[in-house]
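Next comes the sequence, and after it the predicted model I'd like to discuss.
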Amino acid sequence: MKFGRRQFLRTGLAGSLLLSFSGWLNAAGPRRFSDAERAMLGAVVNAMLDGVLPAQGQQRRPLVARTVDGIASAVGGLSAASQQEIGELFGLLVIAPARLMLAGVSKPWSEASVAEVGEFLQSWRSSRLSLLQSAYGALHDLTYGAWYGRPETWEAISYPGPPRGYF
Amino acid sequence: MEDPIRVGLAGGWKHIDASALPHSQTIDTDVLIVGTGAGGGVTADLLSASGLRVVLIEEGPLRSSSDFKMLESEAYPELYQESAARKTADKAINILQGRCVGGSTTVNWTSSFRTPPEVFDFWQQRFGLQELSAESMSSWFAVMEHKLWVRPWDTPPNANNKVLAAGAEKLGIAVGDIKRNVKGCWNLGYCGMGCPTNAKQSMLLTTIPAALNRGATLYTRLRAERLRFDGSQVSALDCSALQPDGIHLSGRRLRFRARHFVVAAGAIGSPALLMRSSCPDPYRLLGKRTFLHPVVISSAIMAHRVDAYAGAPQSIFSDHFLRQAPIDGPLGFKLETPPLHPVLYSTTLQGYGEAHARLMREFTKANVVLALLRDGFHPESRGGRVRLGAGRLPVLDYPLGEVIWEAARRALLAMAEIQFAAGARWVIPVHETTPGYTSWAAARKGIAELPLEPFLCRVVSAHVMGGCGMADAPHRGVVDHRGRHFWLDNLSVLDGSVFPTSLGVNPQLSIYGLVARNASLLAAELSGKPRPAIP
């Protein structure tokens, strides 16, 4: 890898090339989420689940963290190729210039508001670039899968859970 | 609840979890079968019954009723390809496919239909498959229906299926009852997470135990990598053991030598194995014409509780919209319902934030109807293509073209009209640009204008077919009507990958019937015993 990240971004930020998920960041394969990735995912979860999470920040934070844990374990169940693609997406989103130029989020993830992150999600959801649309889809499915996979979330949707006690 | 798989294992079944193997090794057998789903299961049963030594290999794990806890968070990573998030290469279509002993039959929703006569007619005309017809296959379907308890389902449909029936009836649209392969079903509704009561007569509970009782050997967590050739003979299959995570390789390699090799790895896995092996493919047909029954989805909020997580997931269907045009005309579609569980429903629904939360709060009142588009008959519906990606593992390209979207729009309209006729308060096509409609008039106008494109309109699939299509001659197919490879003498493909088009019905019984026929012919040939009496 001859290019440094900054140089690559400066020269290649035509969007789709950068997002070709070419493996330039994560050639080493799957690994645990970094703190920066957890912060990014926390911001995504916080916006995606707005309307589900309690309004109060103090009650909200541990639930966001648990959902990020759920995402981490879900990613671990994907194929090696999918894990690499997801890793590349996350690795990209935590680089400040990419966050700014591709996601349009000007503040660090940990300081971004629900509205700002919501705008980013909406812009990818309705993007003309299929790579951004598919990346939105990945964030959507990972977030809701991690949230509604936990029995504690079922009461709010009146789902009684699977039948118990017969077996 | 007795777990017949654990009982069998305790009684000495030969099951080898390859992730625990300390050494590489070479194994000899009569027949090696790749895959344990609808194709591999039936093959193992029939070949072992004729006295042949059989080895089955499976990439997924062996799990059984004691493990089936009716929890999505456990079932999807354990029992499905890619944790139930397998996707086409462009990520625009999500594919549900099993990856465990029993394959998709362990996690399907039990719907059982024979291959429709018009499909056989099309195969005869376009692919020269004169030997296969509704009449000639009738006995084979009957044999498998009997064996797997395929029966009319006498219990009243659950409220989710009742919405489809009631709305269709109001509009004069014919519906039918779905037969199911269950014995003593408790009507719980968790078929998709593995049957916890051993009612579903999947391969896991029927053909595979039968083969194991006759001394067959089952390897799990073992990936078929490459067939080896000696002239026009397959001489060996090289396999790689996986780690217990089922994803990474353990480093142990197994080589199997056999008289005959059966590939039954499903319509993505089978063509991929033949491609990795560089099987002869002079007409470049391998992996092409892969069909999905692409599904579009309509959600509705009813005035009453539906509780679509409870009760047999699919009991009502309508083929009304398969009969509006010739089979090779504009794509027809079959209507069915899915079970709704929180993860499957929430990840499928469009949107985020409050808009999504609002729909989820109505979870227990949600009805969902599915339209399965019958691909592969219209001249422009040529399906997808399997190719090899990273790690020489398969990826599927499936372009969503105009013939698909034209049918998708008709399907979204038809489903919304049925749901409103059944009393829906709010109908939400699963599409990113609409929040849904509160009247049929608004839906009719709105759906007519929806931009139908990948990612905007959610498309899913649970039926992967084709890729090793059968035909009368090698320039039209990869295998013949018996599933025999045109260029390799001792190689058969016995699974849903041989279908030259989609089916217009849920595929399990079509695979059981055709494989029962072809494995019986193979068993007679390999064992020297008489051919089966039925044609």
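Alright, I've got the coordinates.

Centre of the chain to the helix or strand containing B:Asn161, how far?
According to DSSP states H and E, B:Asn161 maps onto helix B:159-170. A distance of 25 Å separates the C-alpha centroid of helix B:159-170 from that of its chain, computed with CA atoms, centre = their mean, to the nearest Å.

Give the other helices and strands that the helix or strand following it contacts.
Using DSSP H and E, the helix or strand that follows helix B:159-170 in sequence is strand B:176-177. Helices and strands touching strand B:176-177, by 3 or more CB pairs under 8 Å, 6 or more residues apart in numbering or on different chains; DSSP states H and E, are strand B:316-317. From N, CA and C alone the C-beta is placed, and that goes for glycine too.

I'd like the next helix or strand past the strand it packs on.
Heading C-terminal from strand B:316-317 (DSSP H and E), you reach strand B:333-336.

That next one packs against which elements?
Looks like strand B:333-336 contacts helix B:159-170, strand B:316-317, strand B:366-373, helix B:402-421 (3+ CB pairs under 8 Å, 6+ apart).

Just checking: what are the partner strands of the second one?
Under the criterion DSSP bridges, strand B:316-317 sits next to strand B:176-177 (antiparallel) in its sheet.

which ones are touching B:Ser510?
Counting by CB atoms under 8 Å, 6 or more residues apart in numbering or on different chains, B:Ser510 touches B:113-115, B:496, B:499, B:503.

The same query, at a cut-off of 6 Å, please.
By CB atoms under 6 Å, 6 or more residues apart in numbering or on different chains, the contact set of B:Ser510 is B:115, B:503.

same deal with B:His293?
B:His293 is in contact with B:372, B:463, B:502, counting by CB under 6 Å, 6+ apart.

would JSON lines of those with pLDDT and distance to B:Thr197 be doable?
Listed next are the contacts of B:His293 as JSON lines, based on pLDDT from 0 to 100; distance: CB to CB, whole Å:
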{"residue": "B:Leu372", "pLDDT": "98", "distance to B:Thr197": "27"}
{"residue": "B:His463", "pLDDT": "98", "distance to B:Thr197": "25"}
{"residue": "B:Ser502", "pLDDT": "98", "distance to B:Thr197": "32"}
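
Now distance to chain A and neighbour count too, for those, in a markdown table please.
Shown next, in a markdown table, are the contacts of B:His293 (distance: CB to the nearest CB, whole Å; neighbours: other CB atoms under 10 Å in any protein chain shown):
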| residue | distance to chain A | neighbour count |
| --- | --- | --- |
| B:Leu372 | 21 | 27 |
| B:His463 | 21 | 26 |
| B:Ser502 | 25 | 28 |
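
can I get those in a markdown table with distance to A:Phe90?
Formatted as a markdown table, the contacts of B:His293 follow (distance: CB to CB, whole Å):
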| residue | distance to A:Phe90 |
| --- | --- |
| B:Leu372 | 34 |
| B:His463 | 32 |
| B:Ser502 | 36 |
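
Which residue ranges of chain A form helices?
A:5-12, A:35-48, A:57-76, A:80-93, A:96-98, A:114-125, A:130-148 (DSSP state H).

Output the contacting helices and strands for the third one.
Applying 3 or more CB pairs under 6 Å, 6 or more residues apart in numbering or on different chains; DSSP states H and E, we find helix A:57-76 packed against helix A:35-48, helix A:130-148.

how about TSV for the ones you listed, with distance to B:Ala471 and mean neighbour count added?
TSV is the format used below for the helices and strands packed on helix A:57-76 (distance: least, CB to CB, whole Å; neighbours: other CB atoms under 10 Å in any protein chain shown):
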stretch	distance to B:Ala471	mean neighbour count
helix A:35-48	48	23
helix A:130-148	34	23
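
Let me have those helices in a markdown table, adding mean pLDDT and distance to A:Pro163 as columns.
Below are the helices and strands packed on helix A:57-76 laid out as a markdown table (pLDDT from 0 to 100; distance: least, CB to CB, whole Å):
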| stretch | mean pLDDT | distance to A:Pro163 |
| --- | --- | --- |
| helix A:35-48 | 97 | 30 |
| helix A:130-148 | 97 | 18 |
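
Turn those into JSON lines, including distance to B:His475.
Listed next are the helices and strands packed on helix A:57-76 as JSON lines, based on distance: least, CB to CB, whole Å:
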{"stretch": "helix A:35-48", "distance to B:His475": "51"}
{"stretch": "helix A:130-148", "distance to B:His475": "35"}
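
give me every residue that touches B:Ala366.
Residues counted as contacts of B:Ala366 (CB under 6 Å, 6+ apart) are B:299, B:340.

8 Å instead, please
B:Ala366 makes contacts with B:299-302, B:306, B:308, B:340, B:345, B:359, as judged by CB under 8 Å, 6+ apart.

I'd like the distance between it and A:Pro160.
Between B:Ala366 and A:Pro160 the distance is 15 Å, computed by CB to CB, to the nearest Å.

same question, B:Arg6
29 Å.

follow-up on the earlier one: what residues sit buried inside the helix holding B:Asn161?
For helix B:159-170, burial by neighbour count (16 or more other CB atoms under 10 Å in any protein chain shown) applies to B:159-168.

in terms of contact count, name the helices or strands touching that helix.
strand B:316-317, strand B:333-336, strand B:366-373, helix B:402-421.

and the ones you listed, which is most packed in?
Stretch with highest mean neighbour count among these: strand B:366-373 (a mean of 27; mean count of other CB atoms under 10 Å in any protein chain shown).

between it and helix B:402-421, how big is the angle?
Here strand B:366-373 points in a direction 150 degrees away from that of helix B:402-421 (axes from the mean of the first three to the mean of the last three CA atoms, to 10 degrees).

now strand B:366-373: how far from the chain's centre is it?
17 Å.

just stretch B:419-435 next, same as before
28 Å.

buried ones in that stretch?
Those would be B:419-422, B:424, B:426-434, for stretch B:419-435 by 16+ other CB under 10 Å.

What mean pLDDT does it get?
Average pLDDT, stretch B:419-435: 98.

Please, which helix or strand holds the nearest residue to B:Leu79 once chain neighbours are set aside?
Closest residue to B:Leu79 apart from its sequence neighbours, by CB to CB, 6 or more residues apart in numbering or on different chains: B:Cys100 at 4.5 Å. Under DSSP H and E, no helix or strand contains B:Cys100.

Is it correct that B:Cys100 is in contact with B:Thr106?
Yes - using CB atoms under 8 Å, B:Cys100 makes contact with B:Thr106 at a distance of 5.4 Å.

For these two, list the residues in contact with both.
Here B:Cys100 and B:Thr106 have B:63, B:79, B:194, B:204 as joint contacts, going by CB under 8 Å, 6+ apart.

Any residue of stretch A:38-51 touching chain B?
Yes - applying CB under 8 Å from any CB of the partner chain, one finds stretch A:38-51 touching chain B at A:47-51.
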